[in-house]
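> pasting a predicted model and its sequence here:
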Amino acid sequence: MKSIVGHLINGELVPDNGDRLQDVYNPATGEVAKQVALASKATVEKAIAAADAAFPAWRNTSPAKRCQVMFRLKVLLEEHSETICNMITDEHGKVHHDAMGELTRAIENVEFACGAPQLLKGEHSKNVGTAIDSWSEFQPLGVVAGITPFNFPAMVPFWMWPLAIVCGNTFVLKPSERTPSASLFMAQLALEAGLPAGVLNVVMGDKEAVDTLLNDKRVQAVSFVGSTPIAEYIYTTATANGKRVQALGGAKNHAILMPDADMDNAVSAIMGAAYGSCGERCMALPVVVAVGDEAGDAVVEKLKAELSTMKVGPGRDNNNDMGPLVNKAHFEKVKGYVDKGVEEGAILVVDGRDTVIKGYENGFFLAGCLFDHVTAEMKIYKDEIFGPVLCIVRVKSQQEAMDLINDHEYGNGTCIFTRDGESARYFTDNIKVGMVGVNIPLPVPVSYQSFGGWKRSLFGDLSMYGPDGVRFWTRRKTITQRWPSSQIREGAKFSFPSNN
Ligand code: NAD
């Protein structure tokens with residue numbers, strides 16, 4: 001019998017609560033390694049009730065005390081980093097060193113959350129009128145929820161709950177059912193670090209669990225990261241139910257390669273960004289727009305050479321550059337896109353289909369694929385493929401390249417490779433994308449900035465974590481206070497209060 005990844009409710013591990021079960025695969029071997037419980041409505045309601053009960057005491061715990069838990073959590077995460085990265089690799093497939101990069105980013109969000117006393121200080125104005133002072137404070141919302149995707153089981157939940165919790169909220173996390181173990185284990189470490197029972201609850205599950213969170217009146221806010229159709233559904237449903245929502249969706253990130261770019265460094269950067277994590281990153285780089293045929297020919301030749309030496313294999317071997325795709329269904333989908341690209345008339349310069357890794361014959365491995373002469377009408381250009389498939393589009397000018405990006409439905413990340421400051425400045429000023437790099441292929445903001453795309457890559461007004469995160473997880477209250485002198489007797493005033 002396979003072990004079951006269950007829930008964490010009110011400080012207790014709840015193996016399955018009689019819920020439905022789903023298989024969890026090891027993508028390198030193709031075998032079912034575990035099962036995950038899929039929470040019923042009743043199970044999720046228990047988690048919400050636990051969070052609701054924990055809220056009054058947690059809300060009144062000083063921010064400094066809340067942060068002491070985060071300081072201890074940081075140490076525990078570092079101590080258990082090997083275990084966490086192995087869990088990520090065994091369920092997602094990404095190479096161990098890549099998992100470590102993800103975990104480091106998760107920990108940076110804990111470090112930012114440690115600043116809560118400073119972040120929650122509020123704003124004060126003395127003497128806004130005679131003997132009247134006014135201030136704004138940032139109060140927690142109550143029970144809040146996070147719903148996360150498969151591709152960053154450590155980092156994306158940590159974009160959400162550490163900050164939400166230090167702001168005084170209590171939390172229900174619904175991680176991806178495809179990669180559940182690391183998210184659950186890291187929540188258990190928070191309990192070990194001293195988080196009171198019920199402040200952080202984890203429910204595994206699918207649509208039934210998500211819909212319960214979206215419809216329960218006790219849940220005040222929902223933070224979501226995943227694909228665009230689901231992000232839109234989450235946003236529409238939860239806002240209709242009066243909740244605050246941020247829903248981050250999919251992407252199709254383009255890099256512009258200018259003819260003056262440092263070609264060798266640009267190619268190294270493109271390789272890592274296009275094929276790292278098997279292209280299963282929302283900030284991955286699946287499109288390079290080459291300006292001029294000279295840049296186009298050079299980048300294709302150099303990428304072809306690099307791809308011939310890129311090491312594909314199981315993620316537990318740290319010598320590998322790229323692991324397998326997450327599961328069989330996703331493997332078939334990505335492979336289908338490569339077939340489609342050939343059908344559509346793009347030139348498949350490097351074909352990664354039919355890759356077999358010795359000793360891992362049943363793994364979901366697809367080696368790097370490279371298409372040249374891709375056009376804006378093709379499906380492989382329009383859709384988010386979320387695999388190791390890089391498309392080269394050729395254009396004549398920077399403006400033509402920027403028009404392509406600005407016309408695309410997604411606006412998550414983008415980058416320009418150039419040595420020309422004027423080109424770079426025009427690009428950063430005018431591109432309709434939320435996260436922009438100059439000679440930086442993966443411009444993922446650090447934890448003390450905020451992360452969010454434009455257009456159909458983000459539904460909602462506030463980005464994730466950093467300063468926007470503090471605003472998202474709190475509600476402003478403005479208090480105006482007067483202590484009049486008992487010596488002065490004032491009569492009623494019927495005009496609108498002002499400083500006149
Ligand atoms: P997904 O949308 O399939 O799933 C995300 C979450 O939604 C999971 O927890 C899942 O259980 C839940 N879910 C799935 N179907 C649902 C339904 N019908 N109703 C309610 N809930 C449902 O996404 P995924 O495949 O896990 O992750 C990959 C996607 O996430 C890609 O599109 C990627 O670009 C995106 N992503 C975006 C960002 C970002 O910051 N913008 C970051 C990481 C991943």
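Structure received. Residues are numbered from 1 along each chain as shown.
> drop to CA atoms for contacts and neighbour counts, all remaining ones
OK.
> quick one: contacts of the helix or strand hosting residue 77?
Element membership for residue 77 (DSSP states H and E) is helix 63-79. For helix 63-79, the external contacting residues (Cα atoms under 8 Å, 6 or more residues apart in numbering) are 107, 110-111, 113-117, 162, 165-168, 186, 189-190, 192-195.
> which bits of the stretch 351-500 of the chain sit near the ligand?
residue 457 (Cα under 6 Å from any ligand atom).
> please identify which residue in the stretch 351-500 of the chain comes closest to the ligand.
Of all residues in the stretch 351-500 of the chain, the one sitting closest to the ligand is residue 457 (5.7 Å; Cα to the nearest ligand atom).
> isn't that residue right up against residue 228?
Yes - using Cα atoms under 8 Å, residue 457 is in contact with residue 228, at 6.7 Å.
> of those two, who's got more company?
residue 457 (28 against 20; other Cα atoms under 10 Å).
> what's the closest non-adjacent residue to that one?
The shortest distance from residue 457 to any non-neighbouring residue, by Cα to Cα, 6 or more residues apart in numbering, is to residue 249 (4.4 Å).
> which residue ranges form the helices in the stretch 301-450 of the chain?
328-344, 379-382, 398-407, 421-430 (DSSP state H, counting those that start in this stretch).
> take those helices and lay them out in a markdown table including mean pLDDT.
Putting the helices of the stretch 301-450 of the chain into a markdown table (pLDDT from 0 to 100) gives the following:
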| stretch | mean pLDDT |
| --- | --- |
| helix 328-344 | 98 |
| helix 379-382 | 98 |
| helix 398-407 | 98 |
| helix 421-430 | 98 |
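> highest average neighbour count across those?
Ranked by mean neighbour count under mean count of other Cα atoms under 10 Å, the helices of the stretch 301-450 of the chain are led by helix 379-382, which reaches a mean of 19.
> so what secondary structure elements neighbour that helix?
Applying 3 or more Cα pairs under 8 Å, 6 or more residues apart in numbering; DSSP states H and E, one finds that helix 379-382 contacts helix 328-344.
> and the helix it packs on, how far out from the chain's middle?
Computed by Cα atoms, centre = their mean, to the nearest Å, the separation of helix 328-344 from the middle of its chain amounts to 25 Å.
> is the ligand contacted by that helix?
No - applying Cα under 6 Å from any ligand atom, one finds helix 328-344 out of contact with the ligand, separated by at least 8.8 Å.
> now do residue 12 against residue 192, distance only.
Distance, residue 12 to residue 192, using Cα to Cα, to the nearest Å: 12 Å.
> can you map out the strands along the stretch 151-300 of the chain?
170-174, 200-202, 219-225, 244-248, 254-257, 287-291 (DSSP state E, counting those that start in this stretch).
> how about those strands, which one is nearest residue 124?
strand 244-248 (25.7 Å; Cα to Cα).
> quick one: that closest one to strand 219-225, angle?
10 degrees (axes from the mean of the first three to the mean of the last three Cα atoms, to 10 degrees).
> contacts for strand 244-248, please.
220-228, 231-232, 234-235, 238-239, 452-453, 457-464, 472.
> what's the answer for stretch 83-92, then?
Here stretch 83-92 has contacts from 24-28, 94-96, 99-100, 103, 150-151, 153-154, 178-179, 181-182, 185-186, 315-316, 325-326, using Cα under 8 Å, 6+ apart.
> just those that are near the ligand?
150, 151.
> just checking, which of the contacts of stretch 83-92 belong to helices?
96, 99, 100, 103, 181, 182, 185, 186 (DSSP state H).
> and the buried ones among those, selectable in PyMOL?
In PyMOL syntax, the buried subset of the ones in helices among the contacts of stretch 83-92 is picked out as below (16 or more other Cα atoms under 10 Å):
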select buried, resi 96+99+100+103+181+182+185+186
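> ok, back up a step: what is in contact with residue 457 and residue 228 at once?
What both residue 457 and residue 228 touch, as defined by Cα under 8 Å, 6+ apart, is the set 248, 249, 250.
> contact partners for residue 346?
Shown in contact with residue 346 (Cα under 8 Å, 6+ apart): 371, 372, 373, 374, 375.
> list the residues that contact residue 435.
Applying Cα under 8 Å, 6+ apart, the residues near residue 435 are 412, 413, 414, 443, 444, 445, 451, 452, 453.
> buried ones among those?
Neighbour counting over these (16+ other Cα under 10 Å) leaves 412, 413, 414, 443, 444, 451, 452, 453 as the buried ones.
> got the phi and psi for the first one?
So the one you mean is residue 412. phi -80, psi -70 (degrees, to the nearest 10).
> so it touches residue 432, yeah?
No - the criterion here is Cα under 8 Å, and residue 412 misses it with residue 432 at 9.2 Å.
> return every residue with contacts to both of these two.
residue 454.
> before we move on, the earlier item: mind putting the shared contacts of residue 457 and residue 228 in CSV, distance to the ligand and pLDDT included?
Below are the shared contacts of residue 457 and residue 228 laid out as CSV (distance: Cα to the nearest ligand atom, whole Å; pLDDT from 0 to 100):
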residue, distance to the ligand, pLDDT
248, 4, 98
249, 4, 98
250, 3, 97
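> most neighbours out of these, which is it?
residue 248 (31 neighbours).
> give me the beta-bridge partners of that one?
Note on residue 248: beta-bridge partners by DSSP bridges are residue 225, residue 458.
> so how far is residue 222 from it?
From residue 248 across to residue 222, the span is 11 Å (Cα to Cα).
> which among the contacts of helix 63-79 end up buried?
107, 110-111, 113-117, 162, 165-168, 186, 189-190, 193, 195.
> thinking again about what came up before, let's have the strands of the stretch 151-300 of the chain in TSV, adding distance to residue 7.
Formatted as TSV, these follow (distance: least, Cα to Cα, whole Å):
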stretch	distance to residue 7
strand 170-174	9
strand 200-202	5
strand 219-225	18
strand 244-248	23
strand 254-257	39
strand 287-291	39
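> tell me which of those sits nearest to residue 407.
strand 254-257 (11.8 Å).
> list the buried residues of stretch 49-63.
So for stretch 49-63, counting by 16+ other Cα under 10 Å, buried means 49, 50, 51, 52, 53, 54, 55, 58, 59, 63.
> export those to a markdown table and append columns for distance to the ligand.
What follows is the buried residues of stretch 49-63, written out as a markdown table (distance: Cα to the nearest ligand atom, whole Å):
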| residue | distance to the ligand |
| --- | --- |
| 49 | 20 |
| 50 | 21 |
| 51 | 19 |
| 52 | 22 |
| 53 | 25 |
| 54 | 24 |
| 55 | 24 |
| 58 | 26 |
| 59 | 27 |
| 63 | 27 |
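> among those, which are in helices?
Using DSSP H, the buried residues of stretch 49-63 in helices are 49, 50, 51, 52, 53, 54, 55, 58, 59, 63.
> so which of the residues you listed is the closest to residue 486?
residue 59 (35.4 Å).
> which ones are touching that closest one?
Taking Cα under 8 Å, 6+ apart as the test, what residue 59 contacts is 140, 168, 169.
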